[in-house]
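1. Sharing a model that was predicted from the sequence below.
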Amino acid sequence: MEDSTVHPASFICQCEKIRIMKPVIIIAIAFVLLIPLPVFAQDVYIQIDDLPEWADYASNVMYLSTEAWKEANEGLQFYKVDSGSDFTVKWVREFGGEYVGYAYGNQFIEVGLGDSNCGNHWNPYSESYMSHIMKHEIGHIFGNEHDNNPDSIMYPVALNREYGVVEEEYRLTAGYGQFVPFCTIKDLTSYEFSFSTTDETYGFDYYIVPSGDEFDKWVESGTFQHYSNKDCFGEGWLSISGTCKGVSAGSGIMILLGEDLTSPLVTITVKQYEQPNIINSKSPLSSKSITNPGVFSPVGSELLDSAEQARDELQRKLFDMKYKKIHDESVIKLQKEKQEREEALENKLREEKYQAEIQQMREAQEKIEAEKVIQQKIEEKTVSSICGTGTILNKNGQCVPEPPLHGDPEPSSKGGGCLIATATYGSELAPQVQQLRELRDNKLLQTE
């Protein structure tokens, strides 16, 4: 049989520090398994891509993840927006390989919706497992690096891989059987299941067995072992639902048909969902012997499996094409926004520089005008001190009477200035002018 072991998955991150906000105080809890780390009190705006129509099982993942971070960090709030977000969340049908999540710096997150690592076909992740991935990637958005502590939410390996409801159909004929593996990495777990057939008259037998080897034993000899807990086996059922508790990793379901069928081919529908942490002990085993050994891979089953694989491959390719387009558009948008921010900053700096230069020119002009006023006052004071009141310095360096302003009255003869004498001797303070002034005032003006 093929190995159905599910291995731990890893996270991808291109980590980049973000702006540090004011830290908040939280109370440490003794049980810290996978509890989000202390972060910062702030409002965080998220743009979330729409889920594919077939992935409605993940509709609550974002809420559960953000609530976990809010509970661990008082004052932290998340808001869903259509634009202007702090980071973007995208969904990936399957990463391929061992990765389940991806964080690009502090710009966007990608979270896987399932993988093809069990049963050679695609299976959806459980809600709790996707929430674990989302909480881890949000940690990278907040600037947290990987932590080597397995109990930390930032541990780089997703140890608790878990699938959601897995539904498959198998085409079988009389006397044939089918082994359906449980996809779990847990040493001890439980599974909720539902089986049904399209045959309305003849039912099927089912047995939860510890490994695919028991199916091989049934094919070879008709004798095998199965779990004997309640609901872990049944015979002659047309439809049955239940929970088999206490099964180990590698376990699976055996569906066996009898020799009688209403039609040559019937369709068996198998639904399974892991229910961990509801059992503390392993189910005991019982032996079963069937007289007529069965056979595997009947006509019709392989054809259906091939058709399902082709359908899954086509869906995967279509989703990958859509994802690549969305991814490329997101990168282009981020680059454009970055360029616009840089151009806006450059224009702002250019405008500030221009305004600063204008201010400097204005201040320089004001300084020149002030210096001219000061110089003019100095020159006026200098001229006044050289020539005296009522006279000015002409272009030849001589003090001459200051011409009367328009409309000023002529000086009276009594006590007036000696204009001719002043003009002759160059200054009203000249001794000759003073002598003539005294002669006029003391002699001539005294004569009637």
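-> Happy to help now that I have it. Residues are numbered from 1 along each chain as shown.
2. any idea how far L265 lies from I255?
-> Applying CB to CB, to the nearest Å, the value for L265 to I255 is 14 Å. In this view, the C-beta of every residue, glycine as well, is placed from N, C-alpha and C.
3. what number of residues lie near the residue nearest to G250 when sequence neighbours are not counted?
-> With sequence-adjacent residues excluded and distances taken as CB to CB, 6 or more residues apart in numbering, G250 is closest to S211, at 4.6 Å. Neighbour count for S211, taken as other CB atoms under 10 Å: 18.
4. in stretch 75-92, what counts as buried?
-> 76, 78, 85-92 (16 or more other CB atoms under 10 Å).
5. coming back round to it: so what sits against both of L265 and I255?
-> Overlap of the contact sets of L265 and I255 (by CB atoms under 8 Å, 6 or more residues apart in numbering) consists of L172.
6. out of those two, which sits in the busier spot?
-> Neighbour comparison, L265 and I255: the larger count goes to I255, with 21 against 17 (by other CB under 10 Å).
7. Pretty sure the more buried one sits in a helix.
-> No - I255: not assigned to a helix; according to DSSP: H, G, I helix; E, B strand; the rest coil it is strand.
8. State whether it and E169 are indeed in contact, as I suppose.
-> No - the pair I255 / E169 is not scored as a contact, 11.3 Å apart, by CB atoms under 8 Å.
9. Give me the contacts around stretch 272-284.
-> By CB under 8 Å, 6+ apart, the surrounding residues in contact with stretch 272-284 are 126, 162-166, 180, 182-184, 186, 188-194, 208, 227-229, 232, 243-248, 253.
10. Give me the buried stretch members for it, please.
-> Within stretch 272-284, the residues scored as buried using 16+ other CB under 10 Å are 272-274, 279, 283.
11. Kindly report the same for stretch 176-187.
-> For stretch 176-187, the neighbour count (16+ other CB under 10 Å) marks 176-186 as buried.
12. Give me the subset of the buried residues of stretch 75-92 that lies in strands.
-> The strands, defined by DSSP state E, take in 78, 87-92 from the buried residues of stretch 75-92.
13. quick check, nearest of those to Q435?
-> F87 (103.4 Å; CB to CB).
14. residues bridging contact with I255 and E169, i.e. touching both?
-> Common neighbours of I255 and E169, counting by CB under 8 Å, 6+ apart, are 268, 270.
15. how many other residues sit next to E329?
-> E329: 10 surrounding residues under other CB under 10 Å.
16. and it, what element?
-> Per DSSP states H and E, E329 falls inside helix 301-387.
17. so where's the stretch 301-448 of the chain shaky on pLDDT?
-> Scanning the stretch 301-448 of the chain for pLDDT under 70 picks out the ranges 301-320, 322-324, 327, 379-398, 402-423, 425-426, 443-448.
18. try the stretch 1-150 of the chain
-> For the stretch 1-150 of the chain, applying pLDDT under 70 flags the ranges 1-41.
19. Okay, helices next: where are they in it?
-> Along the stretch 1-150 of the chain, the stretches classed as helices by DSSP state H, counting those that start in this stretch are 61-72, 127-141.
20. out of those helices, deepest packed?
-> Mean neighbour counts were taken over those using mean count of other CB atoms under 10 Å, and the top value, a mean of 23, falls to helix 127-141.
21. which residues make contact with that helix from outside it?
-> Residues from elsewhere that reach helix 127-141 (CB under 8 Å, 6+ apart): 11, 13, 15, 18, 34, 36-37, 57-58, 60-62, 64-66, 68-69, 86-87, 89, 100-103, 106, 109-113, 125, 153-154, 158, 160-164.
22. Filter those residues down to the ones in strands?
-> Secondary structure from DSSP E places 11, 13, 87, 89, 100-103, 109-112, 158 of the contacts of helix 127-141 in strands.
23. Most neighbours among the residues you listed, which one?
-> Neighbour counts for these (other CB under 10 Å) peak at V100, which has 30 neighbours.
24. Using JSON lines, lay out the helices of the stretch 1-150 of the chain together with distance to Q355.
-> Listed next are those as JSON lines, based on distance: least, CB to CB, whole Å:
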{"stretch": "helix 61-72", "distance to Q355": "44"}
{"stretch": "helix 127-141", "distance to Q355": "38"}
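25. And those helices: which comes nearest Q335?
-> Per CB to CB, nearest to Q335 of the helices of the stretch 1-150 of the chain: helix 127-141, 19.2 Å.
26. residue boundaries of the helices in the stretch 151-300 of the chain?
-> For the stretch 151-300 of the chain, the helices defined by DSSP H, counting those that start in this stretch cover 212-221.
27. Which stretches in it count as strands?
-> 157-158, 166-172, 176-181, 189-197, 204-209, 223-227, 233-237, 239-247, 252-257, 266-274, 285-289, 295-296 (DSSP state E, counting those that start in this stretch).
28. and the first one, how far from the chain's centre?
-> This means strand 157-158. 21 Å (CA atoms, centre = their mean, to the nearest Å).
29. do the same with the second one
-> Centroid separation between strand 166-172 and its chain, computed with CA atoms, centre = their mean, is 39 Å.
30. Put the alpha carbons of it into CSV.
-> The C-alpha trace of strand 166-172 is given here as CSV (Å, rounded to 0.1, in the frame of the first residue of the first chain):
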residue,chain,number,x,y,z
VAL,A,166,-12.9,15.0,3.1
GLU,A,167,-15.5,13.6,0.8
GLU,A,168,-14.9,11.0,-1.9
GLU,A,169,-16.8,8.7,-4.2
TYR,A,170,-15.7,5.2,-5.2
ARG,A,171,-17.2,2.9,-7.9
LEU,A,172,-17.3,-0.8,-6.8
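31. At the geometric centre of the chain, which residue do we find?
-> Per CA atoms, centre = their mean, the C-alpha nearest to the average position across the chain is that of F87, at 2.3 Å.
32. looking at the sheet around that residue, what are its partners?
-> Residues in a beta bridge with F87, per DSSP bridges, are I46.
33. So it versus H146, what's the distance?
-> Applying CB to CB, the value for F87 to H146 is 18 Å.
34. domain parsing for the protein?
-> Domain segmentation of the chain under automatic domain parsing yields 9-162, 166-299, 304-387, 391-444.
35. Tell me which two in the buried residues of stretch 272-284 are the farthest apart.
-> Checked with CB to CB, those reach their widest spread between Y273 and S283, with 17.5 Å between them.
36. G222 reaches S289, doesn't it?
-> Yes - if you go by CB under 8 Å, G222 and S289 touch, sitting 5.9 Å apart.
37. picking that back up, least trustworthy position among the buried residues of stretch 272-284, going by pLDDT?
-> Scanning the buried residues of stretch 272-284 for pLDDT, the smallest score is found at I279, 69.
38. Would you enumerate the residues in contact with the closest residue to C244 other than its chain neighbours?
-> Of all residues not flanking C244 in the chain, C232 sits nearest, at 4.1 Å (CB to CB, 6+ apart). Going by CB under 8 Å, 6+ apart, C232 touches 207-208, 226, 244-245, 247, 283.
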